[in-house]
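Undergrad: Sharing a sequence plus its predicted fold:
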Amino acid sequence: MEPIPSSTEDTSLKNRSLELTEYVKSKEQDFKRCCDLYFNTHNRGLKRSPLYPSIILKDDNTRFILRVLQVNDSNFIWKLRYFKLFNLGRMELYQAEAKPKNIFSFLENSFPEQVNNFMFSSGLQENLGKLECFNCILKISPRICKSVYFDQFIINYHQLKRLISSYKHVRIFTLGCCKLSVPAIADFSKALRHTQIEELRFYDSGDTNYYNWKEYPDQVNNLIKGLGSSPDLRLTLKMVNITGSGISKKVVRKILKESGFGKVNVHS
């Protein structure tokens, strides 16, 4: 028979329950405040806001999307500099028309302490290393827990090394519609020391609009063999996804095998 809790223990349980209730309420209020702020920066005539929040207080489901496609969107991000978002399951940031200072401010001041899955898209094929916020993107990396997705950027292998080194702790690392310039086999052994990456995804990176891996396989050859210089990645990597890259699975499998990734699956 379980012992009856003492009055002290009972009071402690009540206090913890009250603290949890207040915590949930505070997060709901934070979310409402954030949404109210957003809608107040927009004209009432819009059919639907570019912000699609899901008010579910579970890390894996809470989703916050910012599409900076117009001036009001950029203004909203600027106003967010006074407000830090709570932890999220997923954040998607599309910065097509954002002023650089606004994105920088958002990442520096408003980005949550924890985001399970983060997607960052330029929408304009920008050079990642020349972005004002590039160092901020590297700085926030410890806050991303499970996966990261970079979309529509031009990335050279120096930038890629810094980027993948900063995010080597995530399970899934994705580059979508990115132009990857890898003119030589780079050494990733130090950059990927103690990595936990299990899956690399190159969605449409390598098709005819993005350096055409089919016609110029040396780019993907240099990339994979460079990654193969990391003994830790050779242990953790399970899957390479080349959907839309234009290069055949057979070619990629051959390069993977030559690079020490013989047991890695290829998906397209």
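TA: On my side now, so go ahead.

Undergrad: phi, psi of Gly176?
TA: The phi/psi pair for Gly176 (degrees, to the nearest 10) reads phi -110, psi 130.

Undergrad: Repeat that for the one 3 residues further on.
TA: Taking degrees, to the nearest 10, you get phi -90, psi 110 for the backbone angles of Lys179.

Undergrad: Could you do Asn212 as well?
TA: phi 50, psi 70.

Undergrad: One more: Phe104?
TA: Per-residue torsions, Phe104: phi -60, psi -50 (degrees, to the nearest 10).

Undergrad: Grab the nearest non-local neighbour of it.
TA: Cys133 (4.6 Å; Cβ to Cβ, 6 or more residues apart in numbering). Using the backbone N, CA and C atoms, a C-beta is placed for each residue, glycine as well.

Undergrad: does that neighbour really touch Lys101, like I thought?
TA: No - using Cβ atoms under 8 Å, Cys133 makes no contact with Lys101, being 9.2 Å away.

Undergrad: Tell me which of the two has more neighbours.
TA: Cys133 (23 against 14; other Cβ atoms under 10 Å).

Undergrad: Give me the distance between that one and Val115.
TA: Using Cβ to Cβ, to the nearest Å, Cys133 is found at 16 Å from Val115.

Undergrad: residues contacting Thr174?
TA: 147-150, 200-203 (Cβ atoms under 8 Å, 6 or more residues apart in numbering).

Undergrad: So it: helix, strand or coil?
TA: Counting by DSSP: H, G, I helix; E, B strand; the rest coil, the backbone at Thr174 sits in strand.

Undergrad: Any idea what it is bridged to?
TA: Beta-bridge pairing of Thr174 under DSSP bridges involves Tyr149, Arg201.

Undergrad: and the closest residue to Phe120 other than its chain neighbours, how far is that from Ser122?
TA: Spatially, and ignoring its direct neighbours in sequence, Phe120 is nearest to Leu93 (5.2 Å; Cβ to Cβ, 6+ apart). Distance, Leu93 to Ser122, using Cβ to Cβ: 10 Å.
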